[in-house]
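Peer 1: coords below, sequence missing:
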């Protein structure tokens, strides 16, 4: 699980896009997007990719 920490007035769509890009680039599939601005916000993001599982199995073998 990846954790993305932000300190903004509110979460914007580009914050979600950035976090999803982290998931696409790595082997993790779930992330928490936490904002510690004036109003605390938490979003759970997931990116499932069949190729990731195959790559992970190859790395572990």
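Peer 2: Sure thing, it's come through. Just so we're clear, the structure is a prediction, and the values are computed from it rather than from any experiment.
Peer 1: does residue 4 count as helix, strand or coil?
Peer 2: strand (DSSP: H, G, I helix; E, B strand; the rest coil).
Peer 1: how near is it to residue 50?
Peer 2: 24 Å (C-beta to C-beta, to the nearest Å). For every residue, glycine as well, the C-beta is placed using N, CA and C.
Peer 1: Between those two, point out the one with more neighbours.
Peer 2: The neighbour count for residue 4 versus residue 50, taken as other C-beta atoms under 10 Å, is higher for residue 4 (18 against 7).
Peer 1: For my notes, confirm residue 20 occurs in a helix.
Peer 2: Yes: counting by three-state DSSP, residue 20 is part of a helix.
Peer 1: the strands in this protein, which residues?
Peer 2: 2-6, 30-35, 41-46 (DSSP state E).
Peer 1: Run through who's touching the second one.
Peer 2: Among residues not part of strand 30-35, those counted as contacts by C-beta atoms under 8 Å, 6 or more residues apart in numbering are 1-8, 10-11, 15-16, 19-20, 22-23, 40-46.
Peer 1: Now which of the residues you listed would you call buried?
Peer 2: Buried by 16 or more other C-beta atoms under 10 Å: 4, 6, 11, 15, 19, 23, 45, out of the contacts of strand 30-35.
Peer 1: Mind putting those into TSV with distance to residue 36 and pLDDT?
Peer 2: Listed next are those as TSV, based on distance: C-beta to C-beta, whole Å; pLDDT from 0 to 100:
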residue	distance to residue 36	pLDDT
4	11	94
6	7	96
11	11	94
15	12	95
19	15	93
23	21	90
45	17	92
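Peer 1: I'd like the residues you listed laid out as TSV, including distance to residue 34.
Peer 2: Shown next, in TSV, are the buried ones among the contacts of strand 30-35 (distance: C-beta to C-beta, whole Å):
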residue	distance to residue 34
4	7
6	7
11	9
15	10
19	10
23	15
45	11
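Peer 1: remind me which residues of the protein are low pLDDT?
Peer 2: 51-61 (pLDDT under 70).
Peer 1: Nearest the geometric middle of it, what residue?
Peer 2: For the chain, residue 31 is the residue whose C-alpha lies nearest the centre (C-alpha atoms, centre = their mean; 3.5 Å).
Peer 1: With that, I have no additional questions.
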